[in-house]
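Undergrad: kindly return the folded structure for what I paste below:
(2 chains)
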Amino acid sequence: MSKANKGLSRRGFLKGASALSAAGWVAAGSTWVLKPEWAHAQGPIKMGIATDITGAIAPGGNSNWQVAQFTVKKINDSGGILGRPVELVLEDTASDPGTAVGNVRRLVQQAEVDVILGGITSAMREAIKNPIVRRGKTLYLYPQLYEGQECTPFLWCTGPTPAQQCSELLPYLIKQGNKRFAMPSANYIWPQLLNEWARRVIEENGGEIVFEEYYPLDQLEYSATVSKIMNEGVDHVFNTVIPPGLQAFTKQLYEAGFQDKGGTSSCVYFDENAVNYVPQRELEGVYSCLDWFHTVKDPFSEQLLKEYAEMFPDTKYLFSAGTGSTGMYRGIKLYEQSVIATNGDLARDAVAGALDSASIPEGPGGPAKVVPGSGHVAMNMYIGRAKGGQWDIISEAKMVDPDECGKT
Amino acid sequence: MDAAIKLVFDILAFASIMVLVVSGLAVIASLMGIFNLGHGEFVLLGAYTVYVFRGEGLPEWSGMLAAPILVGIFGLLIEASAIRRLYKSPITAMLATYAIGLIIREVVRGLIGGQYYSIDEPIPGAFLVGDLSFSIWRTVIIGTTVVVMAGCFLLLTRTTIGLQVRGALENPSLARASGVSTTKLYSMTFAFGAALAGLAGALMVPLFSLSADLGVRFLVQAFLSVMLGGVGTFEGPILGAAMIGSMVPGFQWLREIPGVAVAVSPVFAEVLVFVVALTIVKFRPNGLISKGRI
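TA: Coordinates of the predicted model:
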């Protein structure tokens, strides 16, 4: 734990409470505006960020927000988009879809932003997409890895889809000799739809599903599940239980001796944050599959990480793939490329047209390219395996297709 | 046979956690007539103490020893500054404890940045008996619960303080007339309840990880335990907690019975706990033990 987290000082507390600590803030009602350091005759390009600064999803939301500041600062420092600076406007969606709808409306109607990025949970995306896209007639980019099947026009998903997370990892696991899979899951839409994909991939590759079960999100006791895993010869646990239930589950599985007896498990949202909430010995050997790990050998990504650490030293909000931060970076850069392609025209239809085939040559984990007509992005995918608190890169798949909305 | 032994152990372990959590609530509810809605946050403070100690480079067990003492002192301060003024109106007192709990929870959330943190057990891992592996830390929790509950019981039934507490509960004015300072007694009781909560939080946090909502997850089940067991005695809520704590993991095993599996999904098993508990309360509105020795 870093020095900054210790004790209760006012400054430390505010820093801990949220990432609103950057300099240069102007509050306008509940909206926060980060004005660029220089001006342009046409005014700045206004980018709205609607994410969870407070509440249960705050760690993810603050990571997204910091990455947005980081990415926009890089753009502004190198002269803006076609000479125009980018202004960031933040609304806290407060981990509550009800609150979020009103706040997002403010972004559209009062701040009159040109584009909105944000939302982490699917419930949040569902709640804010209509106020943004339909009633608000504004572009919306959703950064988080998610369950797929979001094909709303003018909405782009810049995080990995089930196809991207499953199509490399599961065949690899089966080749390693894992035949019998268990699917313990939290009871909501992401695990349900992800499991649908996973089940198909597992069965196509000759694997077998022993059970697929859904638990209340805060279930504290998993002895029945663990006992079934131990007694029915499960080779691999494809885990989609989320915190706060996750910790109790992984501990009971570990204590039952699953790993010691040769069992393996995977959890496809595990990134560099995982070691904070799962003890290292329980994490050892667990697989994940994401669009970036900090251990990926890519000079551009390594440089990004270094610069992020310089801008936010000692931050607990990491620039990592599991929280949607990579999708946030990608989203902002893809938008930048689209505006360049329209020669500065910010009209929704024009930018959307350019976005449909936009690409960036580099980013966290590698390049990204929008698959035309799909609203999703092809990107590199990595299989990682936890070792000593780090992610060992097992394999890299180049530009994996999102396989969404009927387009490949 | 193996499965049965494992089942009994798992049920014992979870019931022990519930009993530890509920004991503090029971002491305050039964002996003072106040429902402490901030109880979950006292549990959280116990867990947070271990986290702070670890951050200072101290071993986890030292935080676990300090937690009941520090949370007990904190409870003493809360009682003296707020609760004491509200004994005459229990509903207001209840709302005050809710507000205090809310403040504690959100301050802790700020301090840990809303994140989840895993805390190591002082003794990690499992031990093997034959082919079965048992969690060492869960075994420690079962042992501690037995000792603490026996201690509480002896304190209330065999000591002068226990006698005074029981007297003050039965008839406060008579107790005062007999020279017993009920004010002091109530402070001590509240602090003791808080200390028990602190201990519960500190001991169980390695099993669940620290987050601001750690206490909230137990609060509803803890209140259900008190309702089920009956207010006014110490044993009642403890018995209620043991029952709720057994039903939570126990009902999850129902789906292993062939034929029932389809009907008892994990979500349904969780609901079933409430259905059974509320049905019992319907037939015994005063709880399982409505009038006991303590």
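
Undergrad: okay, buried residues for the helix or strand of chain B with the lowest mean pLDDT please.
TA: Least confident helix or strand of chain B, by mean pLDDT, DSSP states H and E, is helix B:160-170 with a mean of 86. Applying a neighbour-count criterion of 16 or more other CB atoms under 10 Å in any protein chain shown, the buried positions in helix B:160-170 are B:G162, B:Q164, B:V165, B:R166, B:G167, B:A168, B:L169. In short, each C-beta sits where N, CA and C put it, glycine included.

Undergrad: got it, and stretch A:219-234?
TA: A:219-230, A:234.

Undergrad: what about it, start to end distance?
TA: From its first residue to its last, stretch A:219-234 covers 22 Å (CA to CA, to the nearest Å).

Undergrad: identify the residues contacting it?
TA: Where contact means CB atoms under 8 Å, 6 or more residues apart in numbering or on different chains, the residues beyond stretch A:219-234 that reach it are A:180-182, A:184, A:210-211, A:213, A:215, A:237, A:245, A:248-249, A:252-253, A:256-258, A:261, A:263, B:3, B:6-7, B:10, B:14, B:208, B:217, B:248-249, B:252-253, B:255-256, B:266, B:270.

Undergrad: which ones among those residues map onto strands?
TA: A:R180, A:F181, A:A182, A:P184, A:V210, A:F211, A:E213, A:Y215, A:V237 (DSSP state E).

Undergrad: count of residues packed around the first one?
TA: Read that as A:R180. Residue crowding around A:R180 was assessed by other CB atoms under 10 Å in any protein chain shown; the count is 17.

Undergrad: if it is in a bridge, with which residues?
TA: Taking DSSP bridges as the rule, A:R180 bridges to A:E208.

Undergrad: per-residue confidence at it?
TA: Note on A:R180: pLDDT of 97.

Undergrad: shouldn't it be in contact with A:V210?
TA: Yes - under the criterion of CB atoms under 8 Å, A:R180 is in contact with A:V210, at a separation of 5.2 Å.

Undergrad: not counting its neighbours along the chain, what's nearest B:M94?
TA: The shortest distance from B:M94 to any residue that is not its chain neighbour, by CB to CB, 6 or more residues apart in numbering or on different chains, is 5.0 Å, and that residue is B:F35.

Undergrad: ok, now B:T189?
TA: Leaving aside its sequence neighbours, B:T189 sits nearest to B:L31 (CB to CB, 6+ apart; 5.1 Å).

Undergrad: ok, the one you found - contacts?
TA: So B:L31 contacts B:V165, B:A168, B:L169, B:T189, B:F234 (CB under 8 Å, 6+ apart).

Undergrad: what about it, helix or strand, and which?
TA: helix B:2-32 (DSSP states H and E).

Undergrad: buried sites along that helix?
TA: In helix B:2-32, the ones that count as buried by 16+ other CB under 10 Å are B:6-7, B:9-32.

Undergrad: tell me the angle that helix makes with helix B:160-170.
TA: Here helix B:2-32 points in a direction 70 degrees away from that of helix B:160-170 (axes from the mean of the first three to the mean of the last three CA atoms, to 10 degrees).

Undergrad: any residue of whichever helix or strand comes after helix B:2-32 up close to chain A?
TA: With elements assigned by DSSP H and E, the helix or strand that comes after helix B:2-32 is helix B:39-55. Yes - applying CB under 8 Å from any CB of the partner chain, one finds that helix B:39-55 is in contact with chain A at B:V52, B:R54, B:G55.

Undergrad: let's see if you can find the most crowded of the residues you listed.
TA: Result: B:V52 is most packed of the residues of helix B:39-55 next to chain A (other CB under 10 Å), 20 neighbours.

Undergrad: distance of the nearest residue to that residue once chain neighbours are set aside relative to B:I142?
TA: With CB to CB, 6+ apart as the criterion, B:V52 has its nearest non-adjacent residue at 7.1 Å, and that residue is B:G63. Here the criterion is CB to CB, to the nearest Å. By it, B:G63 lies 21 Å from B:I142.

Undergrad: likewise for B:L95?
TA: As judged by CB to CB, B:L95 and B:I142 stand 36 Å apart.

Undergrad: look at the two and report which has more neighbours.
TA: In this view B:L95 and B:I142 are compared by other CB under 10 Å, and B:I142 has more residues nearby, 20 against 13.

Undergrad: remind me which residues of the chain are low pLDDT?
TA: You didn't pick a chain, so chain A it is. Across chain A, the ranges flagged by pLDDT under 70 are A:1-30, A:408.

Undergrad: can you look at chain B instead?
TA: B:291-294.

Undergrad: now do the residue most central in space within it against chain A, distance only.
TA: The residue at the geometric middle of chain B, judged as the C-alpha nearest the mean C-alpha position with CA atoms, centre = their mean, is B:V21 (1.2 Å). Relative to chain A, B:V21 is positioned 11 Å away (criterion: CB to the nearest CB, to the nearest Å).

Undergrad: what residues are up against that residue?
TA: B:V21 is in contact with B:V43, B:A197, B:A200, B:M204, B:F218, B:A222, B:A241, counting by CB under 8 Å, 6+ apart.

Undergrad: over to A:A50?
TA: For A:A50, counting by CB under 8 Å, 6+ apart, the contacting residues are A:90-91, A:93, A:100, A:103-104, A:107, A:116-119, A:128, A:132.

Undergrad: Three-state assignment for residue 233, please.
TA: Because you didn't say which chain, this covers chain A. The assignment at A:G233 comes out as coil when based on DSSP: H, G, I helix; E, B strand; the rest coil.

Undergrad: the intended chain is chain B.
TA: Quick answer, by three-state DSSP: B:T233 is coil.

Undergrad: how many neighbours does it have?
TA: 23.

Undergrad: do I have it right that A:Y277 meets A:G245?
TA: No - counting by CB under 8 Å, A:Y277 sits too far from A:G245 to count as a contact (11.7 Å).

Undergrad: so which residues on the stretch 1-150 of chain B come close to chain A?
TA: For the stretch 1-150 of chain B, the contact set with chain A under CB under 8 Å from any CB comprises B:3, B:6-7, B:10, B:14, B:52, B:54-56, B:107, B:109-118, B:120, B:124-126, B:128, B:133-135, B:138.

Undergrad: kindly report the same for the stretch 151-294 of chain B.
TA: Close to chain A, as judged by CB under 8 Å from any CB, the stretch 151-294 of chain B has residues B:206-209, B:211, B:213-214, B:217, B:248-249, B:252-253, B:255-256, B:265-267, B:270.
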